[in-house]
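Colleague: Give me the fold of what follows.
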Amino acid sequence: MSSLLKPSLNWLLVFVPAAIWLEHFRPDAHTFIFGAACLAIIPLAGWLGHATEHLAARTNETLGGLLNATFGNAAELILALIALQKGLHDVVKASLTGSIIGNILLVLGASCLAGGFKFKILRFNAAGARSQATMMTLAAIALVAPAIFHYLAAAGRDGALTGDLARKEAGLSLEIAIVLILTYAASLLFSLITHRQLFESAVVEGEEGHEAHWSTGRSIGVLVAATAFIAWMSEVLVGSVEQAAHAFGMTSIFIGVIVVAIVGNAAEHSSAILMAMKNRMDLSLGIAMGSSLQIALFVAPVLVLASYFIGPKPMDLVFTPAEVAAVVLSVIITEQIAGDGESHWLEGLQLLAVYVILGMLFYFLPEPISR
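Modeller: All right, here's what the predicted structure looks like:
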């Protein structure tokens with residue numbers, strides 16, 4: 001993340017003390033608390049991504065993208081864990097859906113659009129991109145399977161599963177979570193060690209600037225501080241999300257899929273776009289697609305496992321039909337764009353158009369959604 005981020009977003013840090021003050025002295029002002037917490041998380045996530053970029057500066061594009069996606073997803077994971085502890089499973093699942101589609105549609109789309117205005121053709125390693133797209137297909141299948149079980153098993157039972165079927169559904173989600181974590185570990189072995197040549201940059205970049213890199217100690221210090229404040233602001237945000245949703249006239253699923261996901265992924269948004277504008281599309285792809293993969297194959301399964309230890313009850317992987325359809329359709333169009341190793345501004349615009357269409361779907365979707 002370049003220095004361009006700092007003057008444009010640092011002023012939002014004023015909302016950190018504002019959110020804290022509102023929570024303690026105006027606890028009933030849920031709309032203002034929610035808004036202040038959202039705005040506070042954006043620059044904090046930006047600094048988290050900025051520190052990550054300095055850590056990744058001495059690595060290759062693949063590891064750099066992984067580091068950026070991992071620490072960029074820290075805000076999302078913290079948000080989800082706090083919501084999970086409060087039993088807000090619908091908000092957690094919606095934010096996971098929003099992160100997956102947001103990264104491969106909004107982040108990648110904005111990256112291709114911004115980079116495409118500066119460079120006529122954006123080139124990247126097609127083999128590595130296809131490998132990531134295939135993993136995204138696996139992630140989509142993992143989301144479809146529990147939903148198929150739930151809605152077929154619930155047919156004729158008023159949409160609810162009880163007794164043995166409920167236990168089987170929980171067991172299915174737990175087993176799929178374990179498979180996904182093992183698959184994600186295998187994908188890291190593949191991309192970082194055994195077949196890392198497939199993920200090498202397709203473009204030889206020149207020097208884009210002479211900004212001095214932070215020391216490892218400074219980078220880690222900023223990461224720790226940003227993560228701690230993100231955790232604090234996340235707790236404030238989650239505590240007001242339901243009341244704020246009603247006040248804004250939005251459903252909780254729209255808040256989770258669109259608002260919370262965008263806020264939680266602020267670091268990836270700016271990093272991927274700035275890398276694309278430097279014609280470093282392999283790194284931009286690694287951030288956008290890598291973040292979606294990490295959410296689907298690691299964060300979601302970890303949340304399922306964590307729900308057995310925190311929160312009122314275990315969380316399953318049964319997403320609503322709209323959420324499943326959104327992920328599947330997003331994966332399909334991303335595969336079309338990532339397959340040839342080239343992109344341009346129009347493909348970026350197409351990805352953004354799909355994101356807007358899905359956003360409108362979730363906005364108008366009614367609140368009563370049975371899982």
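
Colleague: quick one: contacts for residue 104?
Modeller: For residue 104, the contacting residues are 136, 288-289, 292, 330-331, 334, 351, by CB atoms under 8 Å, 6 or more residues apart in numbering. Glycine gets a C-beta too; all of them are placed from N, C-alpha and C.

Colleague: Now it: phi and psi?
Modeller: Main-chain torsions, residue 104, degrees, to the nearest 10: phi -90, psi -10.

Colleague: Please report the confidence value the model assigns to it.
Modeller: The model reports residue 104 with a pLDDT of 92.

Colleague: tell me which residues in the host helix or strand of residue 234 are buried?
Modeller: Element membership of residue 234 [criterion: DSSP states H and E] is helix 216-248. If you call a residue buried by 16 or more other CB atoms under 10 Å, then helix 216-248 has these buried ones: 219, 222-223, 226-227, 229-242, 244-245.

Colleague: For residue 13, see how far away residue 219 is.
Modeller: 19 Å (CB to CB, to the nearest Å).

Colleague: about what we covered before: just checking, what packs against the helix holding residue 234?
Modeller: Judged by 3 or more CB pairs under 8 Å, 6 or more residues apart in numbering; DSSP states H and E, helix 216-248 is in contact with helix 15-25, helix 30-56, helix 61-85, helix 89-101, helix 252-254.

Colleague: Format these as JSON lines; extra columns: mean pLDDT and mean neighbour count.
Modeller: Formatted as JSON lines, those follow (pLDDT from 0 to 100; neighbours: other CB atoms under 10 Å):
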{"stretch": "helix 15-25", "mean pLDDT": "91", "mean neighbour count": "17"}
{"stretch": "helix 30-56", "mean pLDDT": "80", "mean neighbour count": "24"}
{"stretch": "helix 61-85", "mean pLDDT": "74", "mean neighbour count": "24"}
{"stretch": "helix 89-101", "mean pLDDT": "88", "mean neighbour count": "27"}
{"stretch": "helix 252-254", "mean pLDDT": "80", "mean neighbour count": "22"}
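
Colleague: Of those, give the one that comes closest to residue 260.
Modeller: Closest to residue 260 of the helices and strands packed on helix 216-248, according to CB to CB: helix 89-101, at 4.6 Å.

Colleague: list the helices and strands the helix or strand following that closest one packs on?
Modeller: Sequence-wise, the next helix or strand downstream of helix 89-101 (DSSP H and E) is helix 108-118. Packed against helix 108-118 by the contact rule (3+ CB pairs under 8 Å, 6+ apart) you find strand 122-123, helix 266-277, helix 281-294, helix 321-338, strand 342-343, helix 345-364.

Colleague: export the longest one as PDB, just CAs?
Modeller: The C-alpha atoms that make up helix 345-364 are tabulated as PDB, following Å, rounded to 0.1, in the frame of the first residue of the first chain:
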ATOM      1  CA  TRP A 345     -10.500  -2.100 -18.100                       C
ATOM      2  CA  LEU A 346     -13.600  -3.500 -19.700                       C
ATOM      3  CA  GLU A 347     -13.300  -6.900 -17.800                       C
ATOM      4  CA  GLY A 348     -12.900  -4.900 -14.600                       C
ATOM      5  CA  LEU A 349     -16.000  -3.000 -15.400                       C
ATOM      6  CA  GLN A 350     -17.900  -6.300 -16.000                       C
ATOM      7  CA  LEU A 351     -16.800  -7.700 -12.600                       C
ATOM      8  CA  LEU A 352     -18.000  -4.500 -10.900                       C
ATOM      9  CA  ALA A 353     -21.300  -4.700 -12.800                       C
ATOM     10  CA  VAL A 354     -21.900  -8.200 -11.500                       C
ATOM     11  CA  TYR A 355     -21.100  -7.000  -7.900                       C
ATOM     12  CA  VAL A 356     -23.600  -4.100  -8.200                       C
ATOM     13  CA  ILE A 357     -26.300  -6.500  -9.500                       C
ATOM     14  CA  LEU A 358     -25.700  -8.900  -6.600                       C
ATOM     15  CA  GLY A 359     -25.700  -6.000  -4.200                       C
ATOM     16  CA  MET A 360     -29.100  -4.900  -5.400                       C
ATOM     17  CA  LEU A 361     -30.300  -8.500  -5.000                       C
ATOM     18  CA  PHE A 362     -29.300  -8.600  -1.400                       C
ATOM     19  CA  TYR A 363     -30.700  -5.100  -0.700                       C
ATOM     20  CA  PHE A 364     -34.200  -6.100  -1.900                       C
END
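
Colleague: tilt between it and helix 108-118?
Modeller: Orientation of helix 345-364 against helix 108-118 (axes from the mean of the first three to the mean of the last three CA atoms, to 10 degrees) gives an angle of 150 degrees.

Colleague: Check the fourth one too.
Modeller: Counting by the same axes, to 10 degrees, helix 321-338 points 30 degrees away from the direction of helix 108-118.

Colleague: by how many degrees do helix 321-338 and helix 281-294 diverge?
Modeller: Counting by the same axes, to 10 degrees, helix 321-338 lies at 160 degrees to helix 281-294.

Colleague: Show me which residues of helix 321-338 are buried.
Modeller: In helix 321-338, counting by 16+ other CB under 10 Å, buried: 322-324, 326-327, 329-331, 333-335, 337-338.

Colleague: Need the max-distance pair from those residues.
Modeller: With CB to CB as the measure, no two of those lie farther apart than 322 and 338, at 24.2 Å.

Colleague: neighbours of residue 282, just the number please.
Modeller: Number of residues near residue 282 (other CB atoms under 10 Å) recorded here: 26.

Colleague: That one and residue 124 touch, don't they?
Modeller: Yes - between residue 282 and residue 124 there is a contact under CB atoms under 8 Å: 4.8 Å.

Colleague: JSON lines for the buried residues of helix 321-338, including pLDDT and distance to residue 40?
Modeller: Converted to JSON lines, the buried residues of helix 321-338 look like this (pLDDT from 0 to 100; distance: CB to CB, whole Å):
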{"residue": "322", "pLDDT": "91", "distance to residue 40": "30"}
{"residue": "323", "pLDDT": "92", "distance to residue 40": "27"}
{"residue": "324", "pLDDT": "93", "distance to residue 40": "32"}
{"residue": "326", "pLDDT": "94", "distance to residue 40": "28"}
{"residue": "327", "pLDDT": "94", "distance to residue 40": "29"}
{"residue": "329", "pLDDT": "94", "distance to residue 40": "33"}
{"residue": "330", "pLDDT": "94", "distance to residue 40": "28"}
{"residue": "331", "pLDDT": "93", "distance to residue 40": "32"}
{"residue": "333", "pLDDT": "93", "distance to residue 40": "33"}
{"residue": "334", "pLDDT": "91", "distance to residue 40": "31"}
{"residue": "335", "pLDDT": "89", "distance to residue 40": "36"}
{"residue": "337", "pLDDT": "87", "distance to residue 40": "34"}
{"residue": "338", "pLDDT": "83", "distance to residue 40": "34"}
